[in-house]
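Trainee: Sequence plus the predicted model coming up.
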Amino acid sequence: MKVKELLAESCHLLACVQDGRLEAEILLSHSLGVNRAWLYANSDTDVADLTATSFMQLVKRRRQGEPIAYLTGIREFWSFRLKVTPEVLIPRPETELLVETALARIPADTRWRVADLGTGSGAVALAIATERPACEVFASDISARALLVARKNAESLNLTGIHFLQGSWLTPLEGKFNGIVSNPPYVARHDPHMQQGDCRFEPESALSPGTDAMACIRHIAETAPPFLESGGFLAFEHGYDQGEASRQLLLQLNYEDVETINDLAGLERVTAVSYTHLRAHETR
Ligand code: GLN
């Protein structure tokens, strides 16, 4: 079959998904190892049967809901093309806001120690390491398989200085940090969102802490202070309806400089705070 015939057939099959045509083009260019512009310049080119068959398999899997990022193994985040597998959450555009929030609190050229908890594909840690090359970046994840993906991403971006540590949240970390960031699971298990779109195929442990949507955020906020340098910051992503609960929690725990940042949809998405040891002591 020709390129244009495969595109026409796959567009038809993907009419049920949003941006079906774009996704058909992404899958075909992935199968052929070319970019999307090539498809237009070469629409009359014949495609080998084997390639056409494996492409149509991908189209069928997409039709059944599998995330396009898992089918191509790639998701763009920050300035990167990251490797993603079903072992890791697919990085979301909103999470770039967490990176921006952290960068706003990390002055350029400082040799700060910064930790990313539950790094998954490594997206946040890699972005911070790229933008603040003098910082020493640590990234933890409880999943050894996720860490393999993160390490591969670091290697392909030549970010060899990041310390990847296996373990739950802060457990594998030692010493104090000037900044701690995290995009933890924050969707309740029973939330209908868990049964929609890409979420159906992502690791449940990366999306949901269980019945209490705030459980991981609370754990991180409660355990972070002894790991923070005085004046150090904590920044994390949360659900659109968790801004108020996050701020209340952080104030109770004696954090200060509370700031919540809205995402492009105007929803509260990231909250950042700092912690001063002395002051927390005085006001107790
Ligand atoms: N924001 C993601 C979603 O809506 C969830 C990401 C997360 O749990 N950290 O699917």
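Mentor: Now that the structure is in, tell me what you want to look at.
Trainee: can you give me phi and psi for the closest residue to the ligand within the stretch 1-150 of the chain?
Mentor: Going by C-beta to the nearest ligand atom, the ligand is nearest to Arg92 of the stretch 1-150 of the chain, at 5.2 Å. The way it works is simple: take the backbone N, C-alpha and C, and place the C-beta from them, glycine included. Backbone dihedrals for Arg92, given as degrees, to the nearest 10, come out at phi -100, psi 150.
Trainee: hey, where'd the strands end up in the stretch 51-200 of the chain?
Mentor: Remark: strands assigned in the stretch 51-200 of the chain by DSSP state E, counting those that start in this stretch are 74-77, 80-83, 113-117, 136-141, 163-166, 177-182.
Trainee: Run through who's touching the first one.
Mentor: In this structure, residues lying in contact with strand 74-77 by C-beta atoms under 8 Å, 6 or more residues apart in numbering are 30, 69, 81-84, 90-91, 95-96, 121, 123, 127.
Trainee: May I see the buried residues of it?
Mentor: By 16 or more other C-beta atoms under 10 Å, the buried positions in strand 74-77 come out as Arg75, Phe77.
Trainee: Is the ligand within reach of that strand?
Mentor: No. Shown here: strand 74-77 not in contact with the ligand (C-beta under 6 Å from any ligand atom), separated by at least 13.0 Å.
Trainee: centre of the chain versus that strand, how much separation?
Mentor: 10 Å (C-alpha atoms, centre = their mean, to the nearest Å).
Trainee: try the second one
Mentor: Once both centres are worked out by C-alpha atoms, centre = their mean, strand 80-83 turns out to sit 11 Å from its chain's centre.
Trainee: Show me what counts as buried in it.
Mentor: Phe80, Leu82, Lys83.
Trainee: Show me which residues of the stretch 151-284 of the chain sit near the ligand.
Mentor: Residues of the stretch 151-284 of the chain lying near the ligand by C-beta under 6 Å from any ligand atom: Asn183, Pro185, Tyr186, Val187, His193, Cys199, Leu207, Glu237.
Trainee: which residues touch the first one?
Mentor: By C-beta under 8 Å, 6+ apart, Asn183 lies in contact with Leu89, Thr95, Leu98, Gly118, Gly120, Val124, Phe236, Glu237.
Trainee: one step back: can you pull the pLDDT of the residue of the stretch 1-150 of the chain closest to the ligand?
Mentor: What the model reports for Arg92 is a pLDDT of 97.
Trainee: re earlier: take the contacts of strand 74-77 and keep only those in helices.
Mentor: Residues of the contacts of strand 74-77 located in helices (DSSP state H): His30, Ala69, Thr95, Glu96, Ala123, Ala127.
Trainee: Make TSV out of those residues and add distance to Asp212, neighbour count and pLDDT.
Mentor: Compiled in TSV, the ones in helices among the contacts of strand 74-77 are given as follows (distance: C-beta to C-beta, whole Å; neighbours: other C-beta atoms under 10 Å; pLDDT from 0 to 100):
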residue	distance to Asp212	neighbour count	pLDDT
His30	39	18	97
Ala69	28	23	98
Thr95	22	21	98
Glu96	27	18	98
Ala123	25	29	98
Ala127	29	28	98
